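*Asks:* coordinates for the following, if possible.
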Amino acid sequence: MQIFIKIIYENKRFPLMVKSSDTILNVKKKVQDKEGIPVHQQRLFFSKKQLENRQTLASYNIQEKSTTEISLIFRGMYD
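*Replies:* Numbering: from 1, shown residues only. Sure thing, here's the model as predicted:
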């Protein structure tokens, strides 16, 4: 299925092919492959809730054409 990823603060949105059984960590790896954003810098959100790496898209009821948001975390950002 296709979902959309919106990068917060960059006003950028792109499609991503996934399976409902994919874990959030797998989705982050696909984003890294497509956009070059390291997994450890990604925080994914859906309906204003941060998504946990071990959960699946299905567990969050993320469906075809849903949009998830990514917030980028940089080293030292919260030091």
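*Asks:* pull out the buried positions in stretch 35-46.
*Replies:* By neighbour count on 16 or more other CB atoms under 10 Å, the buried set for stretch 35-46 is 37, 42, 44, 46. The C-beta positions use only the backbone N, C-alpha and C, and glycine is treated the same way.
*Asks:* quote the end-to-end distance of it.
*Replies:* Across stretch 35-46, the terminal residues are separated by 19 Å (CA to CA, to the nearest Å).
*Asks:* mind checking the pLDDT average for that stretch?
*Replies:* When pLDDT is averaged over stretch 35-46, the result is 96.
*Asks:* swap in stretch 61-79?
*Replies:* 82.
*Asks:* related to what we said a few turns ago, turn the buried residues of stretch 35-46 into JSON lines, columns for secondary structure and distance to residue 23.
*Replies:* JSON lines is the format used below for those (DSSP: H, G, I helix; E, B strand; the rest coil; distance: CB to CB, whole Å):
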{"residue": "37", "secondary structure": "coil", "distance to residue 23": "17"}
{"residue": "42", "secondary structure": "strand", "distance to residue 23": "13"}
{"residue": "44", "secondary structure": "strand", "distance to residue 23": "11"}
{"residue": "46", "secondary structure": "strand", "distance to residue 23": "14"}
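*Asks:* which two of those have the greatest separation?
*Replies:* Across these, no pair lies farther apart than 37 and 46, at 17.2 Å, counting by CB to CB.
*Asks:* all helices of this structure, in order?
*Replies:* Along the chain, counting by DSSP state H, helices occupy 24-35.
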